[in-house]
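>>> Provide a 3D model corresponding to the input given below.
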Amino acid sequence: MRIGIVTAILLIGACQETRVPVGPMPGRPRFDGAAAFALVEKQVAFGPRVPGTSGHSAQLDWMVARLDSVAPEVVVDTFSHVTAAGDSLTLYNVLARFRPEASRRILLLTHWDTRPTSDEAQDPEQRDVPVPGANDGGSGTAVLLELAAIFGATPPPMGIDLLFVDGEDYGPTIDDMLLGARRYASTVEALEARPVYGVLLDLVGDASPRFLQEEYSVQVANVVVQKIWRAAERLGYAQAFPNLVGDRVMDDHVPLNGVGLPTANVIDIEYGPGNRYWHTPEDTPQNVSATTLEMVGEVVTELVYSGG
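You can find the predicted model right below:
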C-alpha cells in the first residue's frame with residue numbers, strides 16, 4: 001500500500017557519486033535475494049491474502065510455522081475490526097522476537113495482507129479483482145522472513161522484533177487501513193522492552209528501485225532515516241537510496257510515530273513504469289526483482305549488525 005501526497009523532491013545534500021555495490025560488509029551475514037524471491041512466489045501461490053480468505057489463512061499458518069522454526073518467541077495477536085461497510089474482520093499481527101532478553105531492541109515491520117480490489121487497474125472490469133500482492137505485501141514479508149532465518153542462525157547484537165501487521169491494505173478508505181499498525185501502536189506504552197526505533201519495509205521489490213527519504217519519516221524520525229541511508233551508502237547503494245526527500249506517504253509508520261516510536265518508512269512508491277503495477281492485477285512475481293530484494297535485505301542486515 002502507499003498513498004502519496006505529491007510534494008517537491010528536495011536535494012538535502014551534495015550529489016553523491018555513483019558507486020559500485022560492494023555487497024555484505026566483512027563479518028556480516030549474507031542476505032540471499034533469490035531465497036527471498038522464492039518466498040514472494042510462495043506467498044502469491046496462496047492466492048490473495050485478504051482477511052477472511054483461504055489464502056490469508058494458509059499464509060498465516062505457513063508464516064507462523066516458519067518463524068517458530070527460527071525465533072525464540074513467536075506471538076500471534078488476534079483482533080477484530082468492523083469496517084465502515086459493516087464487514088467483520090478477524091485479523092492477526094505476528095511478532096517474532098530474537099534475543100527476547102535484550103533490553104535494547106529494534107522493530108522491523110511490514111504488512112502481510114493484500115488489497116481486496118485492484119482499484120488502480122486501467123481496465124474498469126478488473127477493478128474488483130484482488131491484488132496478487134507480490135510487491136505490495138509480499139516483498140516486505142519475504143525480506144523479513146529471510147532476515148528471520150539470518151537472525152536465527154547468527155544472533156543479532158541487540159534485540160530484534162519482527163512484526164508482520166495485518167489489515168494494512170483492506171480499505172477502500174484510510175479508516176479501514178493500517179489496522180494492524182494501529183493495534184500494535186495501542187500496546188507500545190505497556191511494552192516491557194519498548195523498541196528504540198522502527199524500520200518499515202513496504203513496496204521494496206521493484207526492478208528499478210529508487211528509495212527516496214519519505215517526507216514524514218524525515219520530519220519525525222530523521223535519525224532513523226539517516227541510519228538506514230548511511231548503511232545503504234556504505235554498501236554502495238547510494239544510487240538506489242539517493243539523498244533526496246520524496247513524497248509524504250500514509251503508511252504503517254504513521255501510527256507508530258504517533259505514539260512516540262520513531263519509525264522510518266523504506267518505500268519505493270513508483271512501482272513499474274508510470275506506477276502501472278500498483279494496486280493492479282499486474283502486481284505479480286514477474287514484476288519483482290530478486291536483486292532489489294537482496295539489496296534491501298543487505299541494507300537492513302548492515303544496519304542491524306553494525307549495531308543499529
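>>> all helices for the protein, in order.
In the chain, helices defined by DSSP state H lie at 33-45, 54-68, 138-153, 179-185, 215-234, 253-258, 290-305, listed in chain order.
>>> Format the ones you listed as CSV; extra columns: mean neighbour count, mean pLDDT and distance to residue 194.
Glycine gets a C-beta too; all of them are placed from N, C-alpha and C. Supplementary listing: those in CSV, determined by neighbours: other C-beta atoms under 10 Å; pLDDT from 0 to 100; distance: least, C-beta to C-beta, whole Å:
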stretch, mean neighbour count, mean pLDDT, distance to residue 194
helix 33-45, 20, 98, 29
helix 54-68, 18, 98, 21
helix 138-153, 25, 98, 19
helix 179-185, 24, 98, 12
helix 215-234, 20, 98, 15
helix 253-258, 22, 98, 11
helix 290-305, 23, 98, 18
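>>> As a markdown table, the ones you listed with distance to residue 124 would be great.
As requested, these are arranged in a markdown table below (distance: least, C-beta to C-beta, whole Å):
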| stretch | distance to residue 124 |
| --- | --- |
| helix 33-45 | 24 |
| helix 54-68 | 24 |
| helix 138-153 | 25 |
| helix 179-185 | 27 |
| helix 215-234 | 32 |
| helix 253-258 | 31 |
| helix 290-305 | 31 |
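>>> of the ones you listed, which approaches residue 193 most closely?
helix 179-185 (14.2 Å; C-beta to C-beta).
>>> and the closest one, how far out from the chain's middle?
What separates the centre of helix 179-185 from the centre of its chain is 14 Å, taken as C-alpha atoms, centre = their mean, to the nearest Å.
>>> Pull the residues that contact it.
Residues from elsewhere that reach helix 179-185, judged by C-beta atoms under 8 Å, 6 or more residues apart in numbering: 77, 79, 81, 89, 91, 93, 109, 111, 113, 163, 165-168, 170, 252-256, 258-259, 261.
>>> so how far is residue 296 from residue 289?
Residue 289 sits at a distance of 10 Å from residue 296 (criterion: C-beta to C-beta, to the nearest Å).
>>> any shared contact partners between these two?
With C-beta under 8 Å, 6+ apart, residue 289 and residue 296 have common neighbours 205, 209.
>>> Check the burial of residue 201 by counting its neighbours.
Using other C-beta atoms under 10 Å, residue 201 has 25 other residues around it.
>>> swap in the one 3 residues further on?
When neighbours are counted by other C-beta under 10 Å, residue 204 registers 28.
>>> pretty sure it is touching residue 266, no?
Yes: counting by C-beta atoms under 8 Å, residue 204 touches residue 266, with 6.3 Å between them.
>>> so what's the nearest residue to residue 176 once chain neighbours are set aside up against?
Nearest non-adjacent residue to residue 176, counting by C-beta to C-beta, 6 or more residues apart in numbering: residue 83, 4.5 Å away. Residues counted as contacts of residue 83 (C-beta under 8 Å, 6+ apart) are 89, 170, 175-176.
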